[in-house]
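Enquirer: The sequence isn't on hand, but the structure is:
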Ligand code: C5P
């Protein structure tokens with residue numbers, strides 16, 4: 001629900017602008033007030049009249065508008081909003097934002113802005129894939145701008161296909177709701193989550209992996225976003241969409257994952273739910289390995305960095321709460337307690353992944369989980385529940401622990 005929220009929607013020039021009209025309607029339905037800025041390019045696709053009729057307000061289009069500068073102006077337009085949405089965010093608007101240009105009302109509002117910004121990019125797939133746009137998107141993400149989409153699919157241009165479609169209005173609304181979950185127990189916190197398996201290359205076509213689905217890690221990231229946190233989700237290859245309002249950093253190997261985690265720091269809380277491969281091939285063959293009918297090629301392995309232990313043992317910039325997972329097949333609690341000490345983390349969420357754990361479909365890839373929470377104070381057995389419920393309970397515990405630590409210090 002967006003009751004009493006003040007949103008500023010900046011509409012860029014692209015065919016997806018027609019979906020922004022529906023977006024205004026969806027946001028209004030949820031109780032938000034919506035002010036609209038349109039670029040001159042946007043007005044080739046939809047009219048200020050249509051946007052104004054839906055937003056029940058005048059639409060702002062000019063930087064040097066005597067009337068508007070006197071009563072409101074570009075500074076107030078952003079200052080009076082709780083959040084800015086740029087939809088569609090064109091390649092041109094993103095480039096201007098990344099470089100701090102301000103030669104029209106939309107870009108001047110964005111440069112003067114201090115509020116959270118959500119971009120819903122929409123452009124031709126070749127423009128989205130262009131190195132300049134990649135660079136600008138990376139810069140904007142590093143600047144704290146959030147993205148929803150673009151999605152893959154058929155484009156307006158006939159025969160064109162690929163990533164570049166603007167996210168659907170309801171997806172954008174869900175992301176706005178997650179971003180504005182302020183007052184949530186984790187608002188103002190940065191939560192870092194790892195999820196999924198890692199893929200360790202053997203040669204250009206083969207890799208070592210495991211059965212992790214990423215469901216538990218993604219559910220934790222979603223629950224943290226709903227609790228109002230800024231969330232970075234570093235995920236190995238999975239078949240799951242990024243939860244709304246979460247910044248996704250996709251990675252392949254354990255070494256990529258460690259690098260992405262280190263880049264994402266500082267964080268208040270780090271939750272390591274990924275099933276990181278313990279080993280990788282000692283060397284990656286540059287060409288596909290051939291079977292030549294002779295002896296099998298030896299596969300020498302080497303150990304991967306332990307991401308959890310590396311971060312938990314940091315002497316500076318360590319997150320206040322570092323949480324690991326333990327998948328065990330026997331003596332779950334005893335092994336998890338030993339692991340907590342060895343890895344140097346604060347808590348361990350331990351589960352029994354053995355075939356006899358009694359969870360239909362097993363834990364890995366399944367939708368339920370039965371865990372023990374191991375802390376410095378001891379261990380608690382949590383009842384079997386969906387991965388979403390386990391995530392919500394864990395997030396509630398994290399919020400309580402951060403609150404307690406703050407009141408002690
Ligand atoms: O040692 P083990 O793999 O059982 O530890 C599991 C925990 O450690 C999980 O939280 C997992 O995400 C983390 N881990 C890691 N890097 C590794 C191996 C495990 O972060 N290389």
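Expert: Good, I have the coordinates. None of the values given here were measured: they were computed from a predicted structure. Numbers count the residues shown, from 1 in each chain.
Enquirer: Enumerate the residues of the stretch 151-300 of the chain near the ligand.
Expert: 194, 254, 272, 274, 276, 278 (C-beta under 6 Å from any ligand atom). (Glycine included, C-beta is placed from N, CA and C.)
Enquirer: what's the spacing between the closest residue in space to residue 354 that isn't next to it in sequence and the ligand?
Expert: Spatially, and ignoring its direct neighbours in sequence, residue 354 is nearest to residue 329 (3.8 Å; C-beta to C-beta, 6 or more residues apart in numbering). Going from residue 329 to the ligand by C-beta to the nearest ligand atom, to the nearest Å gives 11 Å.
Enquirer: Residue 329 - how many residues pack around it?
Expert: Residue 329 has 12 neighbours, counted by other C-beta atoms under 10 Å.
Enquirer: got a list of what it touches?
Expert: Shown in contact with residue 329 (C-beta atoms under 8 Å, 6 or more residues apart in numbering): 352-354.
Enquirer: related to what we said a few turns ago, which of the residues of the stretch 151-300 of the chain next to the ligand has the most neighbours?
Expert: Highest neighbour count within these, by other C-beta under 10 Å: residue 194, with 33 neighbours.
Enquirer: Tell me if I'm right that that residue and residue 275 touch.
Expert: No. Contact criterion C-beta atoms under 8 Å: residue 194 and residue 275 do not qualify, at 9.4 Å.
Enquirer: burial of the closest residue to residue 38 other than its chain neighbours, as a residue count?
Expert: Excluding its sequence neighbours, the residue lying closest to residue 38 (C-beta to C-beta, 6+ apart) is residue 11, at 4.7 Å. Counted with other C-beta under 10 Å, the neighbours of residue 11 add up to 33.
Enquirer: How about the one 10 residues further on?
Expert: The burial count assigned to residue 21 is 18, neighbours taken as other C-beta under 10 Å.
Enquirer: Please apply the same query to the one 3 residues further on.
Expert: Applying the criterion other C-beta under 10 Å, we find 26 residues in the vicinity of residue 24.
Enquirer: cool, residue 267 as well?
Expert: Applying other C-beta under 10 Å, I find that residue 267 has 24 neighbouring residues.
Enquirer: part of a strand, is it?
Expert: No. Assessed by DSSP: H, G, I helix; E, B strand; the rest coil, residue 267 does not belong to a strand; its assignment is coil.
Enquirer: Give me the three-state assignment for the residue lying closest to it once chain neighbours are set aside.
Expert: Nearest non-adjacent residue to residue 267, counting by C-beta to C-beta, 6+ apart: residue 192, 4.0 Å away. Secondary structure, three-state DSSP: residue 192 is strand.
Enquirer: For beta bridges, what are the partners of residue 192?
Expert: residue 232, residue 270 (DSSP bridges).
Enquirer: what helix or strand does the residue nearest to residue 89 when sequence neighbours are not counted sit in?
Expert: With sequence-adjacent residues excluded and distances taken as C-beta to C-beta, 6+ apart, residue 89 is closest to residue 119, at 4.1 Å. Element membership of residue 119 [criterion: DSSP states H and E] is strand 117-121.
Enquirer: again with residue 84
Expert: Using DSSP H and E, the element containing residue 84 is strand 83-89.
Enquirer: Check which helices and strands that strand sits against.
Expert: In terms of contacts (3 or more C-beta pairs under 8 Å, 6 or more residues apart in numbering; DSSP states H and E), strand 83-89 is packed against strand 6-11, helix 17-29, helix 105-112, strand 117-121, helix 169-179.
Enquirer: by contact count, what packs against the next helix-or-strand element following the fourth one?
Expert: Elements were assigned by DSSP H and E; along the chain past strand 117-121, the next helix or strand is helix 125-129. Using 3+ C-beta pairs under 8 Å, 6+ apart as the contact test, the elements touching helix 125-129 are strand 161-165.
Enquirer: What strands flank the strand it packs on, and is each parallel or antiparallel?
Expert: Strand pairing (DSSP bridges) places strand 161-165 next to strand 151-154 (antiparallel).
Enquirer: which parts of stretch 22-30 are buried?
Expert: Under the neighbour-count criterion of 16 or more other C-beta atoms under 10 Å, stretch 22-30 has 23-24, 26-28 buried.
Enquirer: and what of stretch 160-178?
Expert: 164-169, 171-178.
Enquirer: how distant is it from the center of its chain?
Expert: 14 Å (C-alpha atoms, centre = their mean, to the nearest Å).
Enquirer: Same check on stretch 266-273?
Expert: 13 Å.
Enquirer: can you list contacts of it?
Expert: So stretch 266-273 is contacted by 189-195, 216-217, 220, 224, 229, 232, 261, 307-308, 311, 317, 319-325, 345, 349, 394, 398, 402 (C-beta under 8 Å, 6+ apart).
Enquirer: run the last query once more with 6 Å
Expert: Stretch 266-273 is contacted by residues 189-195, 216-217, 220, 308, 311, 317, 319-325, 398 when judged by C-beta atoms under 6 Å, 6 or more residues apart in numbering.
Enquirer: what do you get for stretch 27-41?
Expert: By C-beta under 6 Å, 6+ apart, stretch 27-41 touches 1-3, 5-13, 24, 48, 51, 55, 57, 59-61, 105-106, 109.
Enquirer: how about 7 Å then?
Expert: 1-13, 24, 48, 51, 54-55, 57, 59-61, 77, 81, 104-106, 109, 173 (C-beta atoms under 7 Å, 6 or more residues apart in numbering).
Enquirer: number of nearby residues for residue 311?
Expert: For residue 311, using other C-beta under 10 Å, the count is 25.
Enquirer: just the one 3 residues further on next, same as before
Expert: With neighbours defined by other C-beta under 10 Å, the count for residue 314 comes to 13.
Enquirer: gap between it and residue 26?
Expert: 43 Å (C-beta to C-beta, to the nearest Å).
Enquirer: How about the contacts made by residue 264?
Expert: Residue 264 neighbours (C-beta under 7 Å, 6+ apart): 192, 232, 234, 249.
Enquirer: where are the low-confidence patches of the stretch 301-409 of the chain?
Expert: 355-365, 405, 407-409 (pLDDT under 70).
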